[in-house]
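# Mind folding the following:
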Amino acid sequence: MPDRPPASQPDAVWQDLCIDALDPSRLGRFWAAVTGLTLVDEPDHVHLDGPTPRHRIWVNEVDRPKTVKNRLHLDVDVASVDEVVALGATVLAPAEETGLGWTVLADPEGHEFCAFVREPDRLPAYRLHGVGVDCVDAERLARWWGERFGVEPEDHDGWWTLSGVASDERMTLDFSTVPEPRQGPNRVHWDVVGRVEDFLAAGATHLWDTEHWVVLADPEGHEFCVFAPGGDDAEPAG
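So this is what the prediction gives:
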């Protein structure tokens, strides 16, 4: 597929991340400790706050348990795998066995995530450094989202990355082709600010409306929420 110049005016501006949870308080405590964000546990919602609103992670209560592998997962820096296990994580695939540069774990509700062990001088206060996205066609979906965010995806010989579009310059969106099909709604998604009609014209699918945001799906069915520019961004996106 030929390279395409980035859009002069991107359709999407990053807003925040959302994680589904059966027990938002419990899962919020876990992810606050893992990411270095601050837990805000209110009677009607749970979220994690950081240096800017773009670092925020909403932990949204749902009534459906996790049953299949997540197609979006978080990548985090850690001091050690044992430290994360002590917080309630479960090791699924140790780096020592896979030969990869990360260990795959599951959080207390079974959401997969990847932990990258860093030396103390390389361990930042904010430890979320990426979102991994499973795809049928990683290049195609990375280019679609790259066009929405107004950046050119980077080719890493089999997986594709968008940089500088999420919570900070370090955090990346990483798209990889996987053999298994998508099954059911994602339990991790991102929220953006933009115009719904622009996403629909580019090939997104309308799913449903709420009072504060519209839920769409990208060309591979990954759900995301769109907030109108200048609108109310203080509500959690489900």
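# So which residues of this structure form helices?
All helices of the chain, identified by DSSP state H, fall at 24-35, 81-86, 95-98, 138-149, 196-202.
# Please produce TSV containing the ones you listed, extended by mean neighbour count.
Glycine gets a C-beta too; all of them are placed from N, C-alpha and C. Below are those laid out as TSV (neighbours: other CB atoms under 10 Å):
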stretch	mean neighbour count
helix 24-35	21
helix 81-86	15
helix 95-98	12
helix 138-149	21
helix 196-202	15
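# can I get these in TSV with distance to Val226?
Formatted as TSV, the helices of the chain follow (distance: least, CB to CB, whole Å):
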stretch	distance to Val226
helix 24-35	23
helix 81-86	33
helix 95-98	37
helix 138-149	10
helix 196-202	5
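# JSON lines for the ones you listed, including mean pLDDT and distance to Cys114?
Below are the helices of the chain laid out as JSON lines (pLDDT from 0 to 100; distance: least, CB to CB, whole Å):
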{"stretch": "helix 24-35", "mean pLDDT": "98", "distance to Cys114": "12"}
{"stretch": "helix 81-86", "mean pLDDT": "98", "distance to Cys114": "11"}
{"stretch": "helix 95-98", "mean pLDDT": "97", "distance to Cys114": "9"}
{"stretch": "helix 138-149", "mean pLDDT": "98", "distance to Cys114": "16"}
{"stretch": "helix 196-202", "mean pLDDT": "98", "distance to Cys114": "28"}
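# Quick one: closest of the ones you listed to Arg187.
Across these, the minimum distance to Arg187, taken as CB to CB, is reached by helix 24-35, at 10.4 Å.
# if we can go back for a sec, quick one: which of the helices of the chain is nearest Leu128?
The nearest among those, by CB to CB, is helix 24-35 at 4.7 Å.
# can you give me how far that closest one is from the chain middle?
15 Å (CA atoms, centre = their mean, to the nearest Å).
# Which of the helices of the chain sits closest to His111?
helix 24-35 (8.2 Å).
# got the CA coordinates for that closest one in PDB?
Output in PDB follows, covering the C-alpha atoms of helix 24-35 (Å, rounded to 0.1, in the frame of the first residue of the first chain):
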ATOM      1  CA  PRO A  24     -14.400  -0.800  39.300                       C
ATOM      2  CA  SER A  25     -13.000   0.000  42.800                       C
ATOM      3  CA  ARG A  26     -10.900  -3.100  42.900                       C
ATOM      4  CA  LEU A  27      -9.600  -2.900  39.300                       C
ATOM      5  CA  GLY A  28      -9.100   0.900  39.700                       C
ATOM      6  CA  ARG A  29      -6.800   0.300  42.700                       C
ATOM      7  CA  PHE A  30      -4.800  -2.300  40.700                       C
ATOM      8  CA  TRP A  31      -4.300  -0.100  37.700                       C
ATOM      9  CA  ALA A  32      -3.500   3.000  39.700                       C
ATOM     10  CA  ALA A  33      -0.700   1.100  41.300                       C
ATOM     11  CA  VAL A  34       0.600  -0.300  38.000                       C
ATOM     12  CA  THR A  35       0.400   2.900  36.000                       C
END
